[in-house]
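**Student:** Sequence and predicted structure are below.
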Amino acid sequence: MLNIGLVGCGRVSEIHMNAYKNIPEAKVIAVSDINIERAKAFAQKYGIERVYDNALKLFEMKDLDFVDICTPISTHAKLACEAAKYGQNIFLEKPMARSSKECDEIIHEVYKNKVKLCICHNQLFLPTVIKAKALIDSDNFPLAYFKVSVRESAELIGAPKWIMTPEQGGALWETGTHAVYLQLHFLKNIEKVWAIGEKIENQLPDHFIVMLTSPKKTVGVIEISWLAKKEEEIFEFIDSNGRRIKIINYNFFIEYPETPEKSMVQGFYRDQKQIIKKWTKYFLTNIQYRKLKNCVPQYILLTKFIQSIKNDEDPPVTPEEGRRTVRLLEYIEESLNKNKPVKVVNSS
């Protein structure tokens with residue numbers, strides 16, 4: 001049994017707890033939150049004995065195998081550095097920190113104190129994303145274009161309004177982080193970023209589009225809107241032969257043939273047949289995941305992190321991968337602010 005201390009008792013911690021409940025060897029034995037009443041309510045809900053209002057008290061515990069930090073972005077660097085100083089292994093919510101400089105501080109403490117740090121880039125572990133990655137890496141799908149499109153809002157995902165402040169980074173750092181690490185996962189050696197955005201309902205861009213280019217002429221596109229009334233997430237891949245793959249709302253994987261249909265009607269019926277076939281396959285092959293309550297990627301990632309601790313191996317998402325994501329976020333933020341393309345240095 002591995003003992004876990006969880007810091008932060010908000011909406012993200014609920015997702016993590018759903019994953020832990022399905023990992024027999026994992027047990028959360030302590031929680032901490034600056035709002036002690038929220039921490040107590042969380043602990044009572046999940047049967048957790050020890051409750052703190054100060055993360056340092058939790059870090060002092062000697063019987064923890066790792067700590068799980070689920071706090072706002074602006075607190076990540078300080079908490080992760082302190083946890084490392086106390087010799088705690090760390091599972092850290094995305095993004096790793098609010099700047100690459102803060103990432104460097106975390107990395108310094110992690111290696112100095114010889115602890116493991118895993119960043120929660122959970123969407124890399126979606127079964128559909130794993131399937132797309134395997135196909136592209138097989139050289140049977142020479143990637144030419146990859147787009148991540150996300151439409152949501154703070155209300156839809158249950159996020160507090162303070163996320164849309166400069167301190168926390170707004171929609172770019174909250175939602176864009178997933179899109180950025182996915183782009184880095186599929187595109188190699190990104191050399192230029194061009195981002196444009198609008199501030200419609202918030203003080204930071206709440207609708208923006210990013211184009212990423214690489215020396216191999218592969219194009220990555222990110223489109224995010226925090227103005228939606230309904231959640232929608234689409235990942236689209238196109239290869240140099242015109243074949244397409246779409247992942248809709250994370251779990252729905254559709255492959256389209258490279259040969260166009262002879263008529264629009266044929267194309268429509270072909271697409272409907274594909275949809276029925278894929279939905280049927282999804283329900284049949286993923287029935288074992290239903291009890292996980294939308295935390296499948298967290299479950300897979302946490303299971304792999306636990307194995308890395310037990311086997312003394314590198315974590316499934318390394319600190320360096322976390323830093324690369326934050327660095328690309330900084331380039332995108334720079335391009336948004338300057339309203340012009342920005343050259344990327346050492347994105348890989």
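**Tutor:** Done, it's in. Numbers count the residues shown, from 1 in each chain.

**Student:** What pLDDT does the model give residue 161?
**Tutor:** Looking at residue 161, its pLDDT stands at 81.

**Student:** pretty sure it is touching residue 153, no?
**Tutor:** No - when contacts are counted by CB atoms under 8 Å, residue 161 is not listed as touching residue 153 (10.5 Å). For glycine as for every other residue, the C-beta is placed from the backbone atoms N, C-alpha and C.

**Student:** who touches both of the two?
**Tutor:** Common neighbours of residue 161 and residue 153 are not found (criterion: CB atoms under 8 Å, 6 or more residues apart in numbering).

**Student:** more crowded one of the two?
**Tutor:** residue 153 (19 against 9; other CB atoms under 10 Å).

**Student:** Pull the contacting residues for that one.
**Tutor:** Residue 153 makes contact with 226-229 under the criterion CB under 8 Å, 6+ apart.

**Student:** If we use 7 Å, what do you get?
**Tutor:** 226-228 (CB atoms under 7 Å, 6 or more residues apart in numbering).

**Student:** Kindly report the same for residue 125.
**Tutor:** Taking CB under 7 Å, 6+ apart, we find residue 125 in contact with 297, 300-301.

**Student:** cool, and residue 36?
**Tutor:** residue 53 are the contacts of residue 36 under CB under 7 Å, 6+ apart.

**Student:** swap the cut-off to 8 Å and go again
**Tutor:** Counting by CB under 8 Å, 6+ apart, residue 36 touches 51, 53.

**Student:** Just the pLDDT at it, thanks.
**Tutor:** So residue 36 comes in at 97 (pLDDT).

**Student:** So it versus residue 59, what's the distance?
**Tutor:** Between residue 36 and residue 59 the distance, using CB to CB, to the nearest Å, works out to 17 Å.

**Student:** what does residue 246 give?
**Tutor:** Between residue 246 and residue 59 the distance, using CB to CB, works out to 43 Å.

**Student:** what does residue 69 give?
**Tutor:** From residue 69 across to residue 59, the span is 10 Å (CB to CB).

**Student:** the more surrounded of these two?
**Tutor:** Set side by side, residue 69 and residue 59 show more neighbours around residue 69, with 26 against 22, by other CB under 10 Å.

**Student:** quick one: that one and residue 89 touch, right?
**Tutor:** No - contact criterion CB under 8 Å: residue 69 and residue 89 do not qualify, at 11.3 Å.

**Student:** who's in contact with residue 314?
**Tutor:** Residues near residue 314 by CB under 8 Å, 6+ apart: 116, 308.

**Student:** C-terminal to the helix or strand harbouring residue 67, what's the next element?
**Tutor:** In the assignment (DSSP states H and E), residue 67 maps to strand 66-69. Beyond strand 66-69 on the C-terminal side, the first helix or strand identified by DSSP H and E is helix 76-85.

**Student:** just the helices in the stretch 1-150 of the chain please.
**Tutor:** Taking DSSP state H, counting those that start in this stretch as the criterion, the stretch 1-150 of the chain carries its helices at 11-20, 36-46, 55-59, 76-85, 100-112, 127-137.

**Student:** any idea how far residue 327 is from residue 141?
**Tutor:** Taking CB to CB, one finds residue 327 at 27 Å from residue 141.

**Student:** And residue 230, by the same measure?
**Tutor:** When residue 230 is compared with residue 141 (using CB to CB), they lie 30 Å apart.

**Student:** Surely residue 196 is in a strand?
**Tutor:** Yes - under DSSP: H, G, I helix; E, B strand; the rest coil, residue 196 sits within a strand.

**Student:** and it, what pLDDT?
**Tutor:** 97.

**Student:** and residue 33, how many neighbours?
**Tutor:** Using other CB under 10 Å: residue 33 sits among 26 other residues.
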